[in-house]
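*Asks:* dropping the sequence and predicted coords here.
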Amino acid sequence: MFQTFKTATRDLHKEAAHRAVYVADEFDRARGPDVAYHASHALHSLAKNAASPVHGVSPDCAETVRRSVEIASPHVLALFPDPVDRSRAALALSKAKAVAVKWGEATVDRQKSDLAALRNEIRHVEWLRNCCHNLSLLDEIEEFHARLARDAMRARHAQISAP
């Protein structure tokens, strides 16, 4: 029985580590094209997984995620030209770093007040995730219309050059 519990616990830690790698990877991808898309996925996964009282990660994994948030921050902030929105996004990114660190803390050590604070920090992360998601949707809408315009232009050129 103890061996089964030990194996199950090891599997949970391994799964949590894979989730942390995914989050860090998405933040790393947010430094390239499709910043809003990758930031949205990273923030969503961070908020979802860090809130789980069962799936903590090692402090090293948590630090990797925190560093990835920090390195991606200038790219994410560039999505917000308005100073007020940029300030809110900067606050949310600092909360994302705090959430990453707390993800690496032992869940049994958390006080009720710590859980309430964590939930509030996650709300900031979710706000930023929603903003990034909306920006990603706008990118997709613009790409759709650009594709329609290109197709229409090709069709006009084909009609002009047809004998």
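*Replies:* That came in fine, so what should we check first? Residues are numbered from 1 along each chain as shown.

*Asks:* buried stuff in stretch 126-134?
*Replies:* E126, W127, L128, R129, C131, C132, H133 (16 or more other CB atoms under 10 Å). Where C-beta positions appear, they are placed from N, C-alpha and C, glycine not excepted.

*Asks:* please apply the same query to stretch 28-40.
*Replies:* Taking 16+ other CB under 10 Å as the basis for neighbour counts, the residues of stretch 28-40 that come out buried are D28, R29, A30, R31, V35, A36, Y37, H38, A39, S40.

*Asks:* and the buried residues of stretch 126-134 as TSV, adding distance to A92?
*Replies:* As requested, the buried residues of stretch 126-134 are arranged in TSV below (distance: CB to CB, whole Å):
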residue	distance to A92
E126	9
W127	6
L128	4
R129	9
C131	8
C132	10
H133	13
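
*Asks:* turn the residues you listed into TSV, columns for secondary structure.
*Replies:* Written out in TSV, the entries for the buried residues of stretch 126-134 read as follows (DSSP: H, G, I helix; E, B strand; the rest coil):
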residue	secondary structure
E126	helix
W127	helix
L128	helix
R129	helix
C131	helix
C132	helix
H133	helix
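
*Asks:* inside helices: which ones of the buried residues of stretch 28-40?
*Replies:* Judged by DSSP state H, the subset of the buried residues of stretch 28-40 located in helices is D28, R29, V35, A36, Y37, H38, A39, S40.

*Asks:* the first one and S68 touch, don't they?
*Replies:* Read that as D28. Yes. Taking CB atoms under 8 Å as the contact criterion, D28 and S68 are neighbours in contact, 5.6 Å apart.
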